[in-house]
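Chemist: Provided below for reference: sequence and predicted model.
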Amino acid sequence: MEGIQAALFFERGERLMDKILYLPCFDFFNHPQRPQHLLWELSKLGFEVIYCNVTRSLPDFVRISPTFTLCGNVDALDLKKSYIMWLTHGPYADLLFNFNLRMVVSDFADATVDEFSQFAAYDEKKLEAADLVLAASQKIFDDLYNRHHNCHLIKNGVEFEHFNRSLSKGRIPQDLAKLMTKPIIGFWGVLAPWLDFPLIRTAADMRPNYNFVFLGAASAPVVNLPQGKNIFYLGPRNKEVLPDYARWFDTAIIPFEVKPVTLAADPLKAYEYLACGLPVVSTYLPQLEGMADVMLSRTPEEFISNLDRAVFSGKNPEAIESRIAFARRNSWGMRAAQVAKIIDDTLAFKIG
């Protein structure tokens, strides 16, 4: 036992020499995306993470855990130190020469098509700079696998303990209480152009006996959002309260328009919904095939039929346990452990 403990302490000590640097992109304080989740979990495994966050007025450095520091001023970074660069934003590939880098991890969370096509020109630069490439979906992995020698599929995950607390007792949020006269069809996330607005409108028209509730800010023009007597936009909600809403949903939806960017997507919300024990009805997104109780729909008619199935059978205890078990196996902690092993192996190969 002492030998094992010594090895673990040695490994942690070695990793603390590995500073992961993330340049400004996602505001750490906004609804967490893939980089925040993975880097936070990696910091728990002994990596020291420096997360640059310049969208708010912060001091040069703010330590929020023993191994996770926010940097409010990129110019304050010590360029003599050696870093592992965590690269998501393609244009930063042109700035890597400014840093002393032990390693570059290029993480591809979305396909650079449709709304993200302006970043496609940087894909090759991210690949050329990388010692390690991570892909968030099977489609992205398939596109990159033959273009880099060290490419790995690391799908998205979930803060399991946080979202799973929706299954404990709690009060109904005040703005949801008045809508409880009908089954609640719930959605959270950005109200973005890749949502299938005609589908949402059709489903609401065809099922006036359901209330469709959307939590999130609108990035699409508000005038384009579907309207109806049973469609309710409650605005953005902090991640902390999402389980309080999910507790009262009858089913959750992912009504994405089917196009290249969504065909390659691995939606975080699918994992979050499942951790809440909810059945999920989605348009036909191939990356969601095989997920526990996610009902994929090729047509509006099938989408509506799946809504009925989900509302009717969604509270089945065995089905709830199956969804929860799937989410538990796909936590961000599990994903970070995979990534940590790959980073260790890649560094060992470089040194060796």
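Modeler: Okay, I see it. Residues are numbered from 1 along each chain as shown.

Chemist: dump the residue contacts of the residue nearest to residue 228 when sequence neighbours are not counted.
Modeler: Nearest residue to residue 228 in three dimensions, chain neighbours excluded: residue 204, at 4.4 Å (CB to CB, 6 or more residues apart in numbering). Yep, even glycine has a C-beta here, placed from its N, CA and C like the rest. When contacts are counted by CB atoms under 8 Å, 6 or more residues apart in numbering, residue 204 is found next to 210, 212, 226, 228, 230-231.

Chemist: For my notes, confirm residue 204 occurs in a helix.
Modeler: Yes: secondary structure of residue 204 (DSSP: H, G, I helix; E, B strand; the rest coil): part of a helix.

Chemist: And it, how far from residue 214?
Modeler: According to CB to CB, to the nearest Å, residue 204 and residue 214 sit 11 Å apart.

Chemist: Would you map the helices across the stretch 1-150 of the chain?
Modeler: Chain-ordered helices for the stretch 1-150 of the chain, with DSSP state H, counting those that start in this stretch as the definition, fall at 2-15, 34-44, 123-129, 138-144.

Chemist: Quick check: phi and psi at the closest residue to residue 167 other than its chain neighbours.
Modeler: The shortest distance from residue 167 to any residue other than its chain neighbours is 5.4 Å, reached at residue 277 (CB to CB, 6+ apart). Residue 277 adopts backbone torsions of phi 80, psi 10, taken as degrees, to the nearest 10.

Chemist: Hmm, residue 165 and residue 277 touching each other?
Modeler: No: with contact defined as CB atoms under 8 Å, residue 277 does not count as touching residue 165 (10.8 Å).

Chemist: out of the two, which sits in the more crowded spot?
Modeler: Between residue 277 and residue 165, counting by other CB atoms under 10 Å, residue 277 is the more crowded of the two (24 against 15).

Chemist: show me the residues around that one that make contact.
Modeler: In this structure, residue 277 makes contact with 164, 166-167, 320, 323-324, judged by CB under 8 Å, 6+ apart.

Chemist: Residue 83: how many residues sit nearby?
Modeler: Using other CB under 10 Å: residue 83 sits among 21 other residues.

Chemist: Looks like it contacts residue 99 (just checking).
Modeler: Yes: A contact is recorded between residue 83 and residue 99 when judged using CB under 8 Å, the distance being 5.8 Å.

Chemist: any residues in contact with both of the two?
Modeler: Residues touching both residue 83 and residue 99 by CB under 8 Å, 6+ apart: residue 21.

Chemist: For residue 87, see how far away the residue nearest to residue 167 is.
Modeler: Residue 277 sits at a distance of 36 Å from residue 87 (criterion: CB to CB).

Chemist: go on, residue 162?
Modeler: With distances defined as CB to CB, the gap from residue 162 to residue 87 amounts to 27 Å.

Chemist: what does residue 141 give?
Modeler: Remark: distance between residue 141 and residue 87 (CB to CB) = 17 Å.

Chemist: Please say which of those two ends up with more neighbours.
Modeler: The residue with the greater number of neighbours, taking residue 141 and residue 87 and applying other CB under 10 Å, is residue 87; the counts read 26 against 19.

Chemist: Which residue is the nearest non-sequential neighbour of that one?
Modeler: Distances taken as CB to CB, 6+ apart put residue 106 closest to residue 87, at 4.8 Å, once the chain neighbours are dropped.

Chemist: burial measure for the one you found, as a count.
Modeler: Taking other CB under 10 Å as the criterion, the count of residues near residue 106 is 26.

Chemist: That one contacts residue 129, doesn't it?
Modeler: Yes: the criterion here is CB under 8 Å, and residue 106 meets it with residue 129 at 6.6 Å.

Chemist: Which residues are in contact with each of these two?
Modeler: residue 87.

Chemist: re earlier: comparing the helices of the stretch 1-150 of the chain, which gets the lowest mean pLDDT score?
Modeler: For the helices of the stretch 1-150 of the chain, the bottom mean pLDDT is recorded on helix 2-15, which sits at a mean of 42.

Chemist: for the record, mean pLDDT for the biggest helix by length in the chain?
Modeler: The longest helix of the chain (DSSP state H) is helix 332-351. Taken as a whole, helix 332-351 carries a mean pLDDT of 94.

Chemist: Check what contacts that helix and list those residues.
Modeler: The set of residues external to helix 332-351 that reach it, using CB under 8 Å, 6+ apart, is 15, 18, 37-38, 40-42, 44-45, 47, 84, 102-103, 105, 131-132, 134, 150, 152, 154-160.

Chemist: Go ahead and build a PyMOL selection from the buried members of these.
Modeler: For selection in PyMOL, the members of those meeting the burial criterion (16 or more other CB atoms under 10 Å) are listed in this command:
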select buried, resi 15+18+37+38+40+41+42+44+45+47+84+102+103+105+131+132+134+152+154+155+156+157+158+159+160
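
Chemist: my guess is residue 203 contacts residue 307, does it?
Modeler: Yes: taking CB under 8 Å as the contact criterion, residue 203 and residue 307 are neighbours in contact, 6.6 Å apart.

Chemist: Next, show the common contact partners of those two.
Modeler: Taking CB under 8 Å, 6+ apart as the contact definition, residue 203 and residue 307 share the neighbouring residues residue 185.
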